[in-house]
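A.B. asks: curious how this folds, go ahead:
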Amino acid sequence: MLLLAAAFAADTADWHAAQARQFLKKGWTGDAEAEVAAGLGLDPHHVELNGFCVQLARAAGDVRRAIDCAAAGASATEGDLEARARLSQTEAWLRENFGWVEVRGPAGVDRARLPLVATGMQLDAELATATKEATARLAGGVALPTTLALPVGTYTVSGEALTIEAGQTRQLDLPAARFTASAGRGRRVDLAAAALLFSGDDLANQGPGVTLELAVSSPAGPLRLGVGATWDARTYATADAALDSSPSTAGGIVRASVPIEAGAGVFLSPGLALRVGQMPGVLLTCARGEAPLACTPDAEASDSFPIYAHALGLTPAAELAAELVAGRWVLGVRAAVGHSFVLLPNPGELIQEGATKAWVSDRDLLGAGFYTVGGSAGVGW
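C.D. replies: Predicted coordinates:
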């Protein structure tokens, strides 16, 4: 019988209230929350449990729940009359002094630290404390969108003006400009790798390879402007069908693109780029004889020998990138199609039989199709 009585007592609202009281004294708010929820499930109008609910909800910044619990306790038909009156006063005070704001960020920003500044006077110490707690909560980072209770008054959230009215919920859509770093939409550094291919007779001996790029970029109105350094890892074919390579393929790139939001943090960015880089191993055939040797990039002639010139390539290209913005990180795929203008060192020099000889090409400028496709990873700062 004693066990049955104990079990029955443990399943009453009063028993859960006693447990919650002890847990609150010890600072065990999680356990107290569980007891309050269990007790209110048995008696939604239990005065003491609703008083605990108000206390816990206000500590968590959940003013809406605090109002609901205060109203439920105040409407009880039994229980301590003075406690019910206090809950009624608390409900009225919260309704008169608090409103809400629903803060939304741009696509791709799921969490952010939001600076909150009260721009009006708050003479009530309790309201000032509530504002201070909300400020700390936002500064620590919140998931977006988020709904926040604030005392009636004027504020800025991430620099955006906000007015809170009693009992009202305002929606605040923060523009992407407030999140340029965390949304990968401000200054950014990108590392990219792409397969590289030339086409055309002038660069027929230039093999495919990989081009690496390290670039920085920044928004400029509707455009994103970038500049970077490049280096190619590729080979070129020699006259005896062997493959050779040179590490001297460094260069640079400038680009301008137009990011177009496609939704869900995805952006399409058509643009134009200008690439400049060293071009080793450009095949020329030279006639034997006295210097300056007569050379040509065209088909090999009789009584001639090959040389491999170190040229300079200038490549304008059209680009298209698809990028996924995940916080400050940006992952993308990109492709480019262009035309390489290859400037030969004309006249040039070579070493033959231990002597330096000059050579002259019948063409200063060569041309070839240029194609890349690859991926990139970037981070905003």
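A.B. asks: which neighbouring elements make contact with the longest helix belonging to the chain?
C.D. replies: Longest helix in the chain by number of residues (criterion: DSSP state H): helix 81-97. Where contact means 3 or more Cβ pairs under 8 Å, 6 or more residues apart in numbering; DSSP states H and E, helix 81-97 is packed against helix 47-59, helix 63-74. No exception for glycine: its C-beta is placed from N, CA and C like everyone else's.
A.B. asks: flag every buried residue along the last one.
C.D. replies: For helix 63-74, the neighbour count (16 or more other Cβ atoms under 10 Å) marks 63, 65-74 as buried.
A.B. asks: mind putting those residues in JSON lines, pLDDT included?
C.D. replies: Putting the buried residues of helix 63-74 into JSON lines (pLDDT from 0 to 100) gives the following:
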{"residue": "63", "pLDDT": "94"}
{"residue": "65", "pLDDT": "95"}
{"residue": "66", "pLDDT": "96"}
{"residue": "67", "pLDDT": "95"}
{"residue": "68", "pLDDT": "95"}
{"residue": "69", "pLDDT": "96"}
{"residue": "70", "pLDDT": "95"}
{"residue": "71", "pLDDT": "95"}
{"residue": "72", "pLDDT": "94"}
{"residue": "73", "pLDDT": "93"}
{"residue": "74", "pLDDT": "93"}
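A.B. asks: name the nearest of those residues relative to residue 158.
C.D. replies: Taking Cβ to Cβ as the measure, residue 158 sits nearest to residue 63 out of those, at 21.5 Å.
A.B. asks: skipping adjacent residues, who's closest to that closest one in space?
C.D. replies: Counting by Cβ to Cβ, 6 or more residues apart in numbering, residue 63 lies nearest to residue 149, which is 3.6 Å off, once chain neighbours are set aside.
A.B. asks: beta partners for that neighbour?
C.D. replies: In this entry, residue 149 is beta-bridged to residue 100, by DSSP bridges.
A.B. asks: isn't it up against residue 58?
C.D. replies: No - look at residue 149 against residue 58 with Cβ atoms under 8 Å: they stay out of range, at 9.4 Å.
A.B. asks: for the helices and strands packed on helix 81-97, which one sits closest to residue 102?
C.D. replies: Closest of the helices and strands packed on helix 81-97 to residue 102 is helix 63-74, at 12.0 Å (criterion: Cβ to Cβ).
A.B. asks: next, the angle from the closest one to helix 81-97.
C.D. replies: Taking axes from the mean of the first three to the mean of the last three Cα atoms, to 10 degrees, helix 63-74 and helix 81-97 form an angle of 150 degrees between their directions.
A.B. asks: for helix 63-74, packing partners?
C.D. replies: Under the contact criterion of 3+ Cβ pairs under 8 Å, 6+ apart, helix 63-74 touches helix 47-59, helix 81-97, strand 98-104.
A.B. asks: most centrally placed residue in this structure?
C.D. replies: residue 328 (2.6 Å; Cα atoms, centre = their mean).
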